[in-house]
Structure formats: structure tokens, C-alpha cells
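[1] the following block contains a protein sequence and its predicted model.
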Amino acid sequence: MQAPECPHCKEAMLPGYLLDHVHGYFVQGTWVAGQPEKSFWSGLKMRGKVKHPVTAYRCERCHLLASYAHPQPPK
């Protein structure tokens, strides 16, 4: 996807990602479909959920963040 234009100042936005810290290591943030369901063993139930990595775009001028969850291409 081409980087979006900032809706406030119309500048091109820079791609990046939101960082999650999980069990001592870092991962890219992920969007998960539906409402969170608690799990005793893992915190939240994830089996069978649709998941997409989150790409965050940042405007260098006004610092607005816009997040997108693009589907991953099939492997």
C-alpha cells in the first residue's frame, strides 16, 4: 500500500509499526477480529481468530498516527 496522506496537513505519512513487548521479546502489534475473550492459560483466546499485523503511519509535520491492519499475502 502507498503511504496515506495526512488528513490534517496533507503531507505524506511515514510507515512504521506499533511495538508490543511479550515475554521478554518484541513483536509487531496485531489487530484481532471480534471482542476479547479471556483465557485462564494465555490471557486471551486466539484460536480461530482473524489476525492482521498493524502498520502505523506517522505525519512528520503534525505527528498524527494512523493505523492500518493490512491482510498478509498468502504464503
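    Looks like it arrived, so ask away.

[2] can you give me the pLDDT of Gly43?
    pLDDT recorded at Gly43 is 86.

[3] so in terms of bridging, what pairs with it?
    Under the criterion DSSP bridges, Gly43 forms beta bridges with Ser39.

[4] do the same with Val32
    Beta bridges link Val32 to Lys51, judged by DSSP bridges.

[5] show me the contacts for it.
    Contacts for Val32 were tallied using CB atoms under 8 Å, 6 or more residues apart in numbering; they are Leu44, Met46, Lys49, Val50, Lys51. Where you see a C-beta, it was placed from the backbone N, CA and C, and this is true even at glycine.

[6] what is the most widely separated pair among the residues you listed?
    Maximum pairwise distance among the contacts of Val32 (CB to CB): 14.1 Å, between Leu44 and Val50.

[7] show me the shaky parts of this structure.
    1, 73-75 (pLDDT under 70).

[8] can you pull out the strands in it?
    13-17, 19-22, 25-28, 30-32, 38-39, 43-44, 51-59, 65-69 (DSSP state E).

[9] in the second one, what counts as buried?
    Which is strand 19-22. Neighbour counts over strand 19-22 (16 or more other CB atoms under 10 Å) mark no residue as buried.

[10] not counting sequence-adjacent ones, nearest residue to the residue most central in space within the chain?
    Centre of the chain computed as the mean C-alpha position; nearest residue by CA atoms, centre = their mean is Val54, 1.9 Å away. Nearest residue to Val54, sequence neighbours excluded (CB to CB, 6 or more residues apart in numbering): Gly29, at 4.3 Å.
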